[in-house]
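Q: With the sequence up front, the predicted model follows.
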Amino acid sequence: MLNRDAGQQPWILYTYEPSSVEFYSYKVPNVLKLFPTAGYSKGGTFVEIEGTWFDYQPQYGIIPHCKFGNNIVRAHFDSTVRLVCASPAAPGTNSKLDFEVSLNGIDWTYTNFTFAYFDEPKMIGLYPDMGSIEGGEFVHFVGEGFSNHTDPEYYKCRFTPTTL
């Protein structure tokens with residue numbers, strides 16, 4: 001019998017049934033590098049994420065994901081230090097979006113990285129269309145959709161030698 005006048009607290013008894021429910025804990029992933037940080041608005045750019053504490057344990061629901069703005073895609077788990085995600089389509093975006101990662105698709109890790117989208121440029125021509133084998137020529141490109149508002153570091157040219 002419980003004596004409430006003596007200041008005793010009532011004991012609350014709980015009974016538990018056996019359960020097969022498990023809880024798996026993991027370290028919060030840390031993103032150190034994202035490359036590239038920009039891609040076509042049609043999507044499909046493979047983005048490499050380097051960091052620490054990445055994990056893949058599907059039996060416990062630990063499946064890495066990437067979030068580009070509000071668009072979520074599953075990540076390919078390469079190792080505990082590398083993930084790869086294909087950017088989702090974001091037509092008409094032409095802006096930088098926050099990039100985040102998650103190991104369960106619910107809890108997101110803020111990375112301080114952004115991913116920029118841009119429309120694929122169309123090249124119509126170039127002038128001159130040939131030059132010295134030693135290089136050093138200035139080449140002018142003509143086309144549509146060239147933009148540098150996302151990240152000018154990504155505009156590179158590749159010349160493949162051909163023999164006439």
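A: Thanks, I have it.
Q: what residue lies at the spatial centre of this protein?
A: The geometric centre of the chain, computed from its C-alpha atoms, lies nearest to residue 66 (Cα atoms, centre = their mean), at 4.5 Å.
Q: Just the element for that residue, please.
A: Using DSSP states H and E, residue 66 maps to strand 65-68.
Q: List the residues that contact residue 84.
A: Taking Cβ atoms under 8 Å, 6 or more residues apart in numbering as the criterion, residue 84 is in contact with 46-49, 75-76, 78. Just so you know, the C-beta spots here come from the backbone N, C-alpha and C atoms, and that holds for glycine as well.
Q: just those residues now: which is nearest residue 143?
A: residue 46 (24.3 Å; Cβ to Cβ).
Q: domains of the protein?
A: In the domain annotation for the chain, the residue ranges read 30-118, 122-154 (automatic domain parsing).
Q: still on that earlier bit, contacts only, for the residue nearest to the centre of the chain.
A: Contact criterion Cβ under 8 Å, 6+ apart gives 47, 49, 72-75, 83, 85, 99-101 as the residues in contact with residue 66.
Q: Same check on residue 24?
A: 57, 60-62.
Q: any idea how far residue 53 is from it?
A: As defined by Cβ to Cβ, to the nearest Å, residue 24 lies at a distance of 14 Å from residue 53.
Q: cool, residue 80 as well?
A: Residue 80 sits at a distance of 7 Å from residue 53 (criterion: Cβ to Cβ).
Q: go on, residue 43?
A: When distances are taken as Cβ to Cβ, residue 43 and residue 53 turn out to be 27 Å apart.
Q: Quick one: the helices in this structure, in order.
A: Counting by DSSP state H, the chain forms no helices at all.
Q: what bits of it have low per-residue confidence?
A: Residue ranges of the chain with pLDDT under 70: 1-11, 93, 147-155, 164.
Q: pull the longest strand from the protein.
A: Taking residue count as the measure and DSSP state E as the definition, the longest strand of the chain comes out as strand 109-118.
Q: quick one: strands adjacent to that one?
A: Strand 109-118 sits in its sheet next to strand 38-40 (parallel), strand 96-102 (antiparallel), going by DSSP bridges.
Q: Fine by me, thanks again.
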